[in-house]
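S.K.: okay, predicted coordinates and the sequence, questions at the end:
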Amino acid sequence: MKSVFVILNLFFAPSVLAFTLVHPSAPRFSESTVYVDLAASNCSGTGRSLDEIRSLILESNRMYWNSVSMSSIELKFGSITSDDFSNAPDMNAIVGQAGVNRILATCNEDIFAPANMEGVGGQGSIACSGGSCRGALALNAHGSSNLPQLSALEMKALIGHEIGHALGLGHTEVEEALMHYSIGNKSQESLHMDDMLGIAYLYPQDKKVGGLLGACGTIALIGNNSNPPAGGAGGLGVLSFVFILGLLLIRRMPLWLK
Ligand SMILES: [Zn+2]
């Protein structure tokens, strides 16, 4: 039994555990396969064509959230839709048009028009109601956007960060994590363990254990590039994840140890 606690301590040292959720109710897609659609919006303000944005999303999905073996999440590209959300006034206007179990990505000018949004590269959100969730991702295509100056790798990291919000993750204080609240100029090619623990908490590989987490049933908060939300769900996340890992370990323990 002692070995179990040693393992837990190694995994969950306080400095390592920091992931949060966009909302304490832990909104999450009910299916492990989530499709990302791309709206046919004007992306010129990002310095990229619509097709280049599509390629960046595909690469980002492969490099980050689809690479976590302990999570069941699988992002697939859906299609380029005929809608133009370049001038959608806020994230709610975008996420409301996403399909169930889908994330709608778009370039946008109006959300990022205010002066205090000039340095924000993008936003991601998830909204759930009655057990059905929809996600949204907006990239700053306003004239003041600094996205044209970002490298392809920095763009992939930005997209991965915002999709992290759309999957239900909030910000973390771990600087090396993709979900750190300061995403500016991040150019890491892979996730940090803190990101992996966060996504595995929301979408565990063991679906029987995942059922313990419950379904989403509220409209969640919108993630952005500001400071982490006060009273984030990190503590809850950590406790629940320890509980889940404990169950997994106990199931694999020899009978004489139980
Ligand atoms: Zn963020």
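M.R.: Looks like it came in fine. Numbering: from 1, shown residues only.
S.K.: for the stretch 51-200 of the chain, just list every one of the helices.
M.R.: Counting by DSSP state H, counting those that start in this stretch, the stretch 51-200 of the chain has helices at residues 91-95, 152-166, 193-202.
S.K.: count of neighbours near Ala40?
M.R.: Other residues lying near Ala40 total 15 when counted by other C-beta atoms under 10 Å. Where you see a C-beta, it was placed from the backbone N, CA and C, and this is true even at glycine.
S.K.: so it makes contact with Ile80?
M.R.: Yes - the pair Ala40 / Ile80 is scored as a contact, 5.7 Å apart, by C-beta atoms under 8 Å.
S.K.: who touches both of the two?
M.R.: With contacts defined as C-beta atoms under 8 Å, 6 or more residues apart in numbering, the residues shared by Ala40 and Ile80 are Leu50.
S.K.: returning to what we had before: nearest to Pro24, out of the helices of the stretch 51-200 of the chain?
M.R.: Shortest distance between Pro24 and the helices of the stretch 51-200 of the chain, using C-beta to C-beta, is found for helix 193-202: 12.9 Å.
S.K.: buried sites along the closest one?
M.R.: Applying a neighbour-count criterion of 16 or more other C-beta atoms under 10 Å, one finds Asp194, Asp195, Met196, Leu197, Gly198, Ile199, Ala200, Tyr201, Leu202 buried in helix 193-202.
S.K.: can you check stretch 18-28 too?
M.R.: Buried residues in stretch 18-28, defined by neighbour count with 16+ other C-beta under 10 Å: Ala18, Phe19, Thr20, Leu21, Val22, His23, Pro24, Ser25, Ala26, Pro27, Arg28.
S.K.: out of the helices of the stretch 51-200 of the chain, which comes closest to the ion?
M.R.: Across the helices of the stretch 51-200 of the chain, the ion has its closest neighbour in helix 152-166 (5.5 Å, C-beta to the ion).
S.K.: could you check the angle helix 193-202 makes with that closest one?
M.R.: Using axes from the mean of the first three to the mean of the last three C-alpha atoms, to 10 degrees, the interaxial angle of helix 152-166 with respect to helix 193-202 works out to 30 degrees.
S.K.: from Asp83, how far off is the most centrally placed residue in the chain?
M.R.: In the chain, the C-alpha nearest the mean C-alpha coordinate belongs to Gly164, at 1.0 Å (C-alpha atoms, centre = their mean). Per C-beta to C-beta, to the nearest Å, Gly164 is found 24 Å from Asp83.
S.K.: and for Thr46?
M.R.: Taking C-beta to C-beta as the measure, Thr46 falls 18 Å from Asp83.
S.K.: so these two - more neighbours on which side?
M.R.: Summary of the neighbour comparison: Thr46 and Asp83, criterion other C-beta under 10 Å, with Thr46 having more neighbours (27 against 15).
S.K.: residues touching the nearest residue to Leu104 once chain neighbours are set aside, list them.
M.R.: Once its chain neighbours are removed from consideration, Leu104 has its nearest residue in Ala98; the separation is 3.7 Å (C-beta to C-beta, 6 or more residues apart in numbering). Ala98 makes contacts with Asp37, Leu104, Arg134, Gly135, Ala136, as judged by C-beta under 8 Å, 6+ apart.
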